[in-house]
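Asks: turn this into a structure:
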Amino acid sequence: MKKVALFAIIALTAGCLDTTAQNKRDMKKVLFVLTSHSELGNTGEKTGFWTEEFAAPYYELADKGVIIDIATPKGGQPPIDPKSEDPSAATEDTKRFDKDTELQAKLKITHKLADVKESDYDAVFYPGGHGPLWDLATNKNSIDLIAAFYTNEKPVAFVCHSPAALKNVKVNGEFLVKGKKLTGFSNAEEAAVGLTDVVPFLLEDALQANGATYSSIEDWHPYAVEDGLLITGQNPASSKLVAEKLLHQLNSKK
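Replies: Next comes the predicted model:
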């Protein structure tokens, strides 16, 4: 009887280990890509990524069991746009982030973009802020990474200014955005924040110049567009909506 009980315990333990291993294999893994750029043109002011556009999607995915890694062009701590830390820009997600010492520590040791591989992830998400207009729009590692995700039929998601990272991405010799429905920070919103003449290019104009079918709604209202694997959001308020659409795509893939 003792031997039977022992074998039963061994079998049960092995079964639990197999289940745990299978659950880990079934967990989705998403790469977040943040800017490393901190200078707001020639204004003498600082920029970077927008806290809400990182925190809201991060928690939306992580709370559902998605594993998230973070990468930046330079690695290490990415700059945070100081305006996004102002109390007037606070949301429940940014308040949670402010108290989340574990996530703040994780941000200090982001991977270098050159060291990450598309094959290790199920999708990629780009939070915004003005920083991407300067570095991610032209960063070859980022450009190649987005193309790799897309050609391997994995979702690529962007919000606010981060669709700037799509500006120079081509697939089969054509701009990835050509003929695609999408959104991003509008010309009207750029004018509203007084940076039309500061940014290196207007995102709405650049996307349309590359053949995209751009749309937007009223300034600062949540709006996201899904066109196949491409998911885009208009502004900070759209961050969680983009993450929800991304999560749906991830859960639809077996």
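
Asks: C-alpha from now on. contacts and neighbour counts both.
Replies: Will do.

Asks: which residues of the stretch 151-254 of the chain fall in strands?
Replies: 156-159, 170-171, 174-175, 181-182, 213-214, 224-227, 230-233 (DSSP state E, counting those that start in this stretch).

Asks: as a markdown table, those strands with mean neighbour count would be great.
Replies: Shown next, in a markdown table, are the strands of the stretch 151-254 of the chain (neighbours: other Cα atoms under 10 Å):
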| stretch | mean neighbour count |
| --- | --- |
| strand 156-159 | 28 |
| strand 170-171 | 16 |
| strand 174-175 | 16 |
| strand 181-182 | 22 |
| strand 213-214 | 17 |
| strand 224-227 | 20 |
| strand 230-233 | 27 |
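
Asks: between those strands, which one is nearest to residue 60?
Replies: Residue 60 lies closest to strand 156-159 among the strands of the stretch 151-254 of the chain, at 13.8 Å (Cα to Cα).

Asks: given the closest one, what are its sheet partners and their directions?
Replies: Partner strands and pairing direction for strand 156-159 (DSSP bridges) are strand 123-126 (parallel), strand 230-233 (parallel).

Asks: which other residues reach that strand?
Replies: Counting contacts by Cα atoms under 8 Å, 6 or more residues apart in numbering, the residues outside strand 156-159 that touch it are 53, 123-128, 146, 149-150, 184, 229-236, 238-239, 242-243, 246.

Asks: wait, what's in contact with residue 29?
Replies: Residues 66, 67, 68, 69, 120, 121, 122, 123 are the ones in contact with residue 29 under the rule Cα under 8 Å, 6+ apart.

Asks: so the third one touches residue 62, yeah?
Replies: Yes: distance between residue 68 and residue 62: 7.0 Å, which falls inside the contact criterion (Cα atoms under 8 Å).

Asks: who has more neighbours out of those two?
Replies: Set residue 68 next to residue 62 and count neighbours by other Cα atoms under 10 Å: residue 68 wins out with 18 against 14.

Asks: for that one, give me the pLDDT.
Replies: The predicted local distance difference test score for residue 68 is 98.

Asks: got it, and residue 253?
Replies: At residue 253, the pLDDT value in this model is 78.

Asks: the strands of the stretch 151-254 of the chain: which one's closest to residue 74?
Replies: Between those, strand 156-159 lies closest to residue 74; by Cα to Cα that is 19.7 Å.

Asks: can you tell me which of the contacts of strand 156-159 are buried?
Replies: Neighbour-count burial (16 or more other Cα atoms under 10 Å) is assigned, among these, to 53, 123-128, 146, 149-150, 184, 229-236, 238-239, 242-243, 246.

Asks: got the contact list for the closest residue to residue 74 other than its chain neighbours?
Replies: By the measure of Cα to Cα, 6 or more residues apart in numbering, the closest residue to residue 74 outside its immediate chain neighbours is residue 112, 5.5 Å from it. Residues touching residue 112, when contacts are defined by Cα under 8 Å, 6+ apart, comprise 71, 72, 73, 74, 75, 76.

Asks: return the distance of the residue nearest to residue 211 when sequence neighbours are not counted relative to residue 197.
Replies: Across the structure, with Cα to Cα, 6+ apart as the measure, the residue nearest residue 211 apart from its sequence neighbours is residue 178 (4.1 Å). For residue 178, the distance to residue 197 (Cα to Cα, to the nearest Å) stands at 26 Å.

Asks: residue 238 too?
Replies: When Cα to Cα is applied, the distance between residue 238 and residue 197 equals 24 Å.

Asks: cool, and residue 154?
Replies: Remark: distance between residue 154 and residue 197 (Cα to Cα) = 35 Å.

Asks: more crowded one of the two?
Replies: A side-by-side neighbour count of residue 154 and residue 197, using other Cα under 10 Å, places residue 154 first with 23 against 11.

Asks: one step back: okay, the contacts of residue 29 in JSON lines with secondary structure next?
Replies: Supplementary listing: the contacts of residue 29 in JSON lines, determined by DSSP: H, G, I helix; E, B strand; the rest coil:
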{"residue": "66", "secondary structure": "coil"}
{"residue": "67", "secondary structure": "strand"}
{"residue": "68", "secondary structure": "strand"}
{"residue": "69", "secondary structure": "strand"}
{"residue": "120", "secondary structure": "helix"}
{"residue": "121", "secondary structure": "coil"}
{"residue": "122", "secondary structure": "coil"}
{"residue": "123", "secondary structure": "strand"}
